[in-house]
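Engineer: Here is my input; please provide its structure:
(chains A and B)
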Amino acid sequence: GEDVEQSLFLSVREGDSSVINCTYTDSSSTYLYWYKQEPGAGLQLLTYIFSNMDMKQDQRLTVLLNKKDKHLSLRIADTQTGDSAIYFCAEKEEYGNKLVFGAGTILRVKS
Amino acid sequence: ETGVTQTPRHLVMGMTNKKSLKCEQHLGHNAMYWYKQSAKKPLELMFVYNFKEQTENNSVPSRFSPECPNSSHLFLHLHTLQPEDSALYLCASSQAASGFTDTQYFGPGTRLTVL
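Structural biologist: Numbers count the residues shown, from 1 in each chain, chains lettered A, B, ... in the order given. As a prediction, this is how the structure comes out:
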């Protein structure tokens, strides 16, 4: 079945860039997503990328997709303490509306 | 605010209790989802409803019983739960346009503790 893997933890200094990585196994994935979860809250959609794109930029966020290697990354420029949260990568199967999530990466931003 | 609300936000129940979780979406979506989020485990999809019809049951034990009376409301009825069912239960909704992005929007979750 489909599988999505992420590193568990990332620590950066305020003002630095953060790069969160994700690998997936389903080559027929159509869309890939990044969600953010703050303590005690639900998942907030950050951005998504269609599988025929290799890059998408949205303000401080840059998503890179290497479809050949099935690797997705989220870069956060000028990371702020408010960016501290858990970040989830998810892939959407080709048919239907099911998402498969990674276990999440805890981002800790030190001031 | 994502347009998806869940009540209650916190629930403590005994193993013999019966309770229900409620989810409501104000986005005009046609698909609704229940997920379970346990500590140190990936988000687990439990149920999917498209246009009020259940289209996915991810091998969920029968002590969890979903109900979708209309496209805006989704319930999860709980009975004779086990302590290992303690988790954050998240509801989500999407447009249900399969083949398009069909982005899912999540509610804040219900933190359930089973004693």
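
Engineer: Is residue B:27 in contact with residue B:107, as I believe?
Structural biologist: No. Distance between residue B:27 and residue B:107: 11.0 Å, which falls outside the contact criterion (C-beta atoms under 8 Å). For the C-beta atoms, the positions are set from N, CA and C on the backbone; glycine is no exception.

Engineer: Strand partners (parallel or antiparallel) of the helix or strand of chain B with the lowest mean pLDDT?
Structural biologist: Using mean pLDDT, DSSP states H and E, strand B:53-57 stands out as the lowest-scoring helix or strand of chain B, at a mean of 91. Take DSSP bridges as the rule and strand B:53-57 pairs in its sheet with strand B:44-50 (antiparallel).

Engineer: secondary structure element for the spatially most central residue of chain B?
Structural biologist: Against the mean C-alpha coordinate of chain B, by C-alpha atoms, centre = their mean, the closest residue is residue B:34 at 2.7 Å. Per DSSP states H and E, residue B:34 falls inside strand B:31-37.

Engineer: contact partners of that strand?
Structural biologist: For strand B:31-37, contacts defined as C-beta atoms under 8 Å, 6 or more residues apart in numbering or on different chains pick out A:97, B:23, B:25, B:43-51, B:66, B:68, B:71, B:74, B:76, B:87-96, B:102, B:104, B:106, B:109.

Engineer: Which ones among those residues map onto strands?
Structural biologist: B:23, B:25, B:44-50, B:66, B:68, B:74, B:76, B:87-94, B:106 (DSSP state E).

Engineer: measure residue A:30 to chain B for me?
Structural biologist: According to C-beta to the nearest C-beta, to the nearest Å, residue A:30 stands 8 Å off from chain B.

Engineer: I should have written residue A:42 there, sorry.
Structural biologist: Residue A:42 is 4 Å from chain B, by C-beta to the nearest C-beta.

Engineer: List the beta-bridge partners for the closest residue to that residue other than its chain neighbours.
Structural biologist: Excluding the flanking residues, the one nearest residue A:42 by C-beta to C-beta, 6 or more residues apart in numbering or on different chains is residue B:106, at 4.0 Å. In this entry, residue B:106 is beta-bridged to residue B:92, by DSSP bridges.

Engineer: Could you double-check that residue B:106 lies in contact with residue B:90?
Structural biologist: Yes. With contact defined as C-beta under 8 Å, residue B:106 reaches residue B:90; the gap is 5.5 Å.

Engineer: neighbour count winner among those two?
Structural biologist: Taking neighbours as other C-beta atoms under 10 Å in any protein chain shown, residue B:106 and residue B:90 compare with residue B:90 leading, 26 against 23.

Engineer: Report the contact partners of the more buried one.
Structural biologist: A:42, A:43, B:6, B:34, B:35, B:36, B:37, B:43, B:106, B:107, B:109.
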